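> Fold the following for me, if possible:
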Amino acid sequence: MSNKIRSMVRIVNRHGLLSKSVAMCALMSMTSGVMAQTGAEAAAEESGALEEVVVTGIRGGLANAVATKRNSDAVVDAVSAEDIGKFPDSDVAEALARVPGISVNRQFGQGQQVSIRGASNQLTLTTLNGQNVASTGWYDQQAIDRSFNYSLLPPEMIAGMDVYKSSQADLVEGGIGGTINVKTRKPLDLDANTVFLSAEATYGTISEETDPAVSGLYSWKNDAETFGILAGYSRNDTNYIRRGNEAYTAWNDSVSVNSFEQEREQQAFDLAAQWRPTDRIQLGAHYINLDMKADNTNNSLFIFRSADPANCDQVNAGGQCVLETTDAANPNANPAWAQTFARKASMTSETFDFDFAYEGDSFLATARAGHTKAEGGTDSTANYGGLIGDVSQVYGTYDSTGDQIKMDLANPNYTANDFVDPGLASAGWAATKGPNSDEETYFQADVEFDVEFGPVSAIKTGLRWSDHEVVAEKQNGVFDNAVVAADPNYLFSGTSKAGMDDFEIPAGDLSAMINDTENQARYVDNRQAYGTVEEENLAAYVMATFEMDRIRGNFGVRYVTTDVSSDYYGTDVNYVDPDGINTGRSFDKSTDSASYSEFLPSFNIAYDLTEDTILRGSVAQVMARPNYDDLFARENLSNLGNTDEDADGNYTAIRSAQLGDVALDPFKANQADLAIEWYYGSGNLMSATLFYKDITNFTTYTITDDVAIGVTDPVTGLDSWNVTQKVNGDGGTIAGLELQIQHAFDNGFGVLANYTYADSNVDKENFVDEVGVFSDSSENTVNLVGYYEMNDFSARAAYNWRSEYMIRESGFYGNRMHDDFGTLDLSFGYQVTENIGITFDAVNVLEEDSVQTGVSPNSAAVEPEFKNNYPTWTYQGEAYYTMGVNARF
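Here you go, the predicted structure:
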């Protein structure tokens, strides 16, 4: 029976009739269940009529989900929209978080990166309609990686997202955790002259601002349904504020209260066209532009520990520290320091894509070509700060004995008028520009033949070529005639609440700071920071689909070859830059190159134990390419030629080097799945899945003293460096279990629950933090959803919880453990008329805080705040309440 259904799905889908419903496999992503059989359905069955009964709403989307999962060969879950604007969550990544085995990173409020089954979010491959999509970050303190920022995607433009947890030969390589394919809407799938309009207003409990969002979509096709055009637009303006306490022990064991404030302007434009000149030929074109402006200020007030170490009790190991005493011999010690980083930031992703399909009598040939490019980064950075207040204002304590730093100060409130020296100048070291670009040109061709080779019913083969280039640049500001701003109120306009206890501190004026810095600085290219990575990838595969009696599946192999190179400016120890930016850096570019090839076999099988029970299994070898930031061959050398020395003539500056390696091996893993699925009743499901990943290689880094790198310091005369080197790790394992159940009751209620256990095990020697777990891996993840849907009203409560997980980032942020985190979301919908609906959503109702601690032992080569369970960072949780209205015609 299942083989017949599967064959029918393949035949009809070739004619484009099921492209929308197949996209709706939303197991565990929305709420749950399928509408109980209505009276009309029963009557139709009894009379033998062939009238089609369409079930809509939450249950309608999941009816397609269950059918798709049941008849798939691979282990696939998904998120879908039952109709335009009826996405299961207001945020794309949050919707993915309902899928078993998926965890979401919410570092800046919205869900941004996604990890699958205990693997890092950087090991999740995201494709747009089956192809890579270029993406850059907007934040200069985060590394350039391969993860996709889901906050760019407006839900209204997405038809569905398929989550492949097992691999198969025709999937683009690059996902060890899994592959998420985002599918946009197509005009021939929608009714002619379809119109969708929506407007929303969102209130944040921290920002205390109401932010607008609008979207619209129009789709047209001719009467013959052979040509169609679709256009969509979305805009979302958000005032995002993150308040918290941070530790920075490298600066006199300081702690700070912070307020990160960002004005986001997100726009998306989507245009698609389809043409079927004959029954056998189909042509398509797609253009999508995703744009985000992300200007932000980071306002901080730093409090320093007492000058007398006796006043602190093992502060780095967790203790209470006296900030200041009334010691008359030390009356001017430890005033506070206020500062603001002002950043203009943006990113834009633009994709052009063309596809072709030809259906022969016994084969289907398809081809796709396109170009995707993203530009973005921190367009301009400025920093202003100074001593603020007097010593008496910071009398008190900070207590780091718990899971977050607590501060008790005599006077925690400051304004710009409290600066000790009101003349403030731009911090020259912080005046930078950091444009990045990421682009890929690709071509793919596939042919699927219907055959009769025993149980083999189809053979599919194809190839894919891509050329991918990433460019990172940086410019530093040079101040020849720096001017001090006489009035700090010009730079700091008003105050801002900051920290966990809402201190009042000066709030930086972004425009004033950026303008003041750019009007004084001339910008010089920083050749040390320049780097490129170019990858030329070629892949070919062959895959056979088989079916017999109760068994179906596929097997195949994918061959991948990659040529990679990196351009950078080499070292010239004799060059002294009068601006101090490029000392020791050559004017000539160098290039490092490497290549590698991989065979990636895969096998998927599904066996119908009974009419309603399926036993499913898969084995595969998968790979993911190293992050771009790790492949940059540039040498980042610190303190080359520095002449600072102490009274004994010893040089105080440590010569350090950070080295990438273009010859890093790709991440590789052998993985297996074993699942049993019971489909009982109409749309109900219970399942259990065992999974195992043996990760044979991944990228990490080492820190080693006294290393010769071929560069002799002109002052010390030594080729001796403290080297941070990107290297291949020894591997590890992830083993786990997924349990899920969904059940729809006859009275309109339904429930869904899923639980994922992921045991991440890796040798701690692979990480400088000496913590033996993979990044982003939570041991336990839970989803609980209850809903009610009847007639024109629907309501849903969804709770998502994940246990603690390691976050590893280069630069300032470092390696730390994020405490367990849970969110409760509510949503309500009411269809006022046939065409008009209203919605209400509440996200993170419990306002869960983000708590992060340092968990490394004393022996680890990390900063003190990342050791011994020290409360590194804590941020206030924010709830969002959204009211919306939409119209469909």
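
> and the closest residue to residue 335 other than its chain neighbours, what helix or strand is that in?
Take residue 335 and drop its neighbours on the chain: the residue closest to it by CB to CB, 6 or more residues apart in numbering is residue 387, 4.9 Å away. All C-beta atoms are positioned from the backbone trio N, CA, C, and that covers glycine. Assessed by DSSP states H and E, residue 387 sits inside strand 363-388.

> Show me what that strand is packed up against.
Counting contacts by 3 or more CB pairs under 8 Å, 6 or more residues apart in numbering; DSSP states H and E, strand 363-388 is packed against strand 131-132, strand 281-303, strand 336-359, strand 432-453, helix 510-520.

> The residue nearest to residue 447 when sequence neighbours are not counted bridge partners, please.
Sequence neighbours aside, residue 365 is the residue nearest to residue 447 in space, at 4.8 Å (criterion: CB to CB, 6+ apart). For residue 365, the beta-bridge partners are residue 358, residue 447 (DSSP bridges).

> What's the separation between residue 365 and residue 352?
Distance, residue 365 to residue 352, using CB to CB, to the nearest Å: 22 Å.

> do the same with residue 379
25 Å.

> before we move on, what about residue 410?
Distance from residue 410 to residue 352, by CB to CB: 61 Å.

> Also residue 388?
Taken as CB to CB, the span from residue 388 to residue 352 is 51 Å.

> How about residue 149?
20 Å.

> what do you get for residue 711?
Looking at residue 711 against residue 352, where the rule is CB to CB, the gap reads 44 Å.

> Between those two, tell me which one has more neighbours.
Higher neighbour count among residue 711 and residue 352: residue 711, with 20 against 15, using other CB atoms under 10 Å.

> Hmm, that one is touching residue 721, no?
Yes: using CB atoms under 8 Å, residue 711 is in contact with residue 721, at 7.4 Å.

> who touches both of those two?
By CB atoms under 8 Å, 6 or more residues apart in numbering, residue 711 and residue 721 have these common neighbours: 637, 657.

> wait, doesn't the residue nearest to residue 447 sit right on residue 357?
Yes: look at residue 365 against residue 357 with CB under 8 Å: they come within range, at 7.1 Å.

> in the strand holding residue 387, what's buried?
364-366, 368-370, 372-386, 388 (16 or more other CB atoms under 10 Å).

> Going C-terminal from that strand, what's the next secondary structure element?
Heading C-terminal from strand 363-388, the first helix or strand you meet, by DSSP H and E, is strand 396-399.

> where in this structure is pLDDT low?
Within the chain, the ranges that satisfy pLDDT under 70 run 1-68, 81-90, 106-112, 140-142, 306-334, 645-655, 811-812.

> Next, name the residue at the spatial heart of it.
residue 113 (1.8 Å; CA atoms, centre = their mean).

> How much space separates residue 479 from residue 425?
Using CB to CB, we find residue 479 at a distance of 8 Å from residue 425.

> nope, residue 721 is what I meant
Residue 721 sits 33 Å away from residue 425, going by CB to CB.

> between the two, which one's more packed in?
Ranked by neighbour count (other CB under 10 Å), residue 721 and residue 425 place residue 721 first, with 26 against 16.

> Tell me what the more buried one is bridged to.
Residue 721 has the following beta-bridge partners by DSSP bridges: residue 707.

> Go ahead and confirm it touches residue 657.
Yes: between residue 721 and residue 657 a contact is recorded at 4.5 Å, counting by CB under 8 Å.

> Which residues are in contact with each of these two?
The contact sets of residue 721 and residue 657 overlap at 637, 707, 709, 711 (CB under 8 Å, 6+ apart).

> where exactly do the strands run in the stretch 51-200 of the chain?
Along the stretch 51-200 of the chain, counting by DSSP state E, counting those that start in this stretch, strands occupy 76-80, 102-105, 113-116, 124-128, 131-132, 158-164, 178-184, 194-204.

> Same list (the ones you listed) but as CSV, adding distance to residue 868.
What follows is the strands of the stretch 51-200 of the chain, written out as CSV (distance: least, CB to CB, whole Å):
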stretch, distance to residue 868
strand 76-80, 39
strand 102-105, 25
strand 113-116, 26
strand 124-128, 32
strand 131-132, 41
strand 158-164, 38
strand 178-184, 35
strand 194-204, 35
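
> so which of those comes closest to residue 589?
Closest of those to residue 589 is strand 131-132, at 26.4 Å (criterion: CB to CB).

> what helices or strands is that closest one leaning on?
Strand 131-132 makes packing contacts with strand 363-388, strand 432-453 when contacts are defined by 3+ CB pairs under 8 Å, 6+ apart.

> Note down every partner strand of it and its orientation.
strand 124-128 (antiparallel).

> quick one: contacts of the partner strand?
The contact list for strand 124-128, computed with CB under 8 Å, 6+ apart, reads 113-116, 133, 146-148, 150, 172-175, 177-182, 184, 288, 351, 353, 372, 624.

> so which of the strands of the stretch 51-200 of the chain gets nearest residue 570?
When the strands of the stretch 51-200 of the chain are ranked by distance to residue 570, counting by CB to CB, first place goes to strand 131-132 at 30.8 Å.

> got the contact list for that closest one?
With contact meaning CB under 8 Å, 6+ apart, strand 131-132 is reached by 172, 174, 353, 368, 370, 372, 440, 442, 444, 466, 468.

> residues contacting the last one?
The reference is to residue 468. Contact analysis of residue 468 by CB under 8 Å, 6+ apart lists 132, 438, 439, 440, 534, 535, 536, 537.

> Would you check how far apart the residue lying closest to the third one once chain neighbours are set aside and residue 94 are?
Spelled out, that is residue 439. Nearest residue to residue 439, sequence neighbours excluded (CB to CB, 6+ apart): residue 373, at 3.8 Å. Distance, residue 373 to residue 94, using CB to CB: 28 Å.

> Next: residue 697.
Counting by CB to CB, the gap between residue 697 and residue 94 amounts to 32 Å.

> What of residue 431?
Counting by CB to CB - residue 431 and residue 94 are separated by 37 Å.

> so residue 341 makes contact with residue 381?
Yes: with contacts counted by CB under 8 Å, residue 341 reaches residue 381, the gap being 6.6 Å.

> so residue 693 touches residue 667, yeah?
No: look at residue 693 against residue 667 with CB under 8 Å: they stay out of range, at 10.7 Å.

> so what's in contact with those two at the same time?
Common neighbours of residue 693 and residue 667, using CB under 8 Å, 6+ apart, are residue 176.

> Okay, and the beta partners of the nearest residue to residue 846 once chain neighbours are set aside?
Counting by CB to CB, 6+ apart, residue 846 lies nearest to residue 824, which is 5.1 Å off, once chain neighbours are set aside. On the basis of DSSP bridges, residue 824 is bridged to residue 799.

> mind listing what residue 824 touches?
Residues counted as contacts of residue 824 (CB under 8 Å, 6+ apart) are 797, 798, 799, 844, 845, 846.

> Please, where are all the helices along the stretch 501-650 of the chain?
For the stretch 501-650 of the chain, helices defined by DSSP state H, counting those that start in this stretch occupy the ranges 510-520, 628-631.
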